[in-house]
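Colleague: Kindly return the folded structure for what I paste below:
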Amino acid sequence: MSAATRENVSARRERLLGDEPGAFAVARFVRVTAQKSRRVGDLIRGDSVENALNTLQFAPQAVAEVFYKLVDSAAANAETTEGLDRSNLVITTVLVDEGPTMKRWRPRAKGAANRILKRSSHLTVVVQPREVVQARVDAANIKNSKKKGGAR
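Modeller: Have a look, this model is predicted:
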């Protein structure tokens, strides 16, 4: 499905994908810190969907289960809305943003109190066909080789 046949294009899709084919999935208010989530996101960035699902299935981190569902959902979105083949999809972008922080108080000695911060995060996974990603990489390589060759 091309961008010309899409009737309603969300601002989020426009920002993440533009006119390129692909799909995304978002999980908001996940009760894991962004720092811990970024470690798992870095594991799967640039990987194929099948390899990422295998990696996440056996990853010991708690947020790996959330990422598993997110990658599976993004792949399903690509299949249903864009008509793309699941075996050809690559994870191009993994965004991990901080969500709201809940502030709680823990009583301490002598009437004091410590603040407990319960952090959350917003997770976004973007998948695109392998050909689109490869074409983008090839174009960047050509551009860089021209820059290096002309700077003598």
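Colleague: Low-confidence ranges, this structure, go.
Modeller: Within the chain, the stretches with pLDDT under 70 are 1-6, 149-152.
Colleague: longest helix of it?
Modeller: For the chain, the helix with the greatest residue count under DSSP state H is helix 130-150.
Colleague: Just the CA atoms from that one would do, formatted as PDB, please.
Modeller: What follows is helix 130-150, C-alpha atoms only, in PDB (Å, rounded to 0.1, in the frame of the first residue of the first chain):
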ATOM      1  CA  ARG A 130      14.900  -5.300   4.100                       C
ATOM      2  CA  GLU A 131      15.100  -3.800   0.600                       C
ATOM      3  CA  VAL A 132      14.100  -0.300   1.800                       C
ATOM      4  CA  VAL A 133      16.800  -0.500   4.600                       C
ATOM      5  CA  GLN A 134      19.400  -1.800   2.200                       C
ATOM      6  CA  ALA A 135      18.600   0.900  -0.400                       C
ATOM      7  CA  ARG A 136      19.000   3.600   2.300                       C
ATOM      8  CA  VAL A 137      22.400   2.200   3.400                       C
ATOM      9  CA  ASP A 138      23.600   2.000  -0.200                       C
ATOM     10  CA  ALA A 139      22.600   5.600  -0.800                       C
ATOM     11  CA  ALA A 140      24.400   6.700   2.400                       C
ATOM     12  CA  ASN A 141      27.600   4.800   1.400                       C
ATOM     13  CA  ILE A 142      27.600   6.400  -2.100                       C
ATOM     14  CA  LYS A 143      27.100   9.900  -0.500                       C
ATOM     15  CA  ASN A 144      30.000   9.300   1.900                       C
ATOM     16  CA  SER A 145      32.300   8.000  -0.800                       C
ATOM     17  CA  LYS A 146      31.700  11.100  -2.900                       C
ATOM     18  CA  LYS A 147      32.500  13.300   0.100                       C
ATOM     19  CA  LYS A 148      35.800  11.500   0.800                       C
ATOM     20  CA  GLY A 149      36.900  11.500  -2.800                       C
ATOM     21  CA  GLY A 150      36.200  15.200  -3.400                       C
END
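Colleague: and that helix, what other elements does it pack with?
Modeller: strand 89-98 (3 or more CB pairs under 8 Å, 6 or more residues apart in numbering; DSSP states H and E). Backbone N, C-alpha and C define where each C-beta goes, glycine included.
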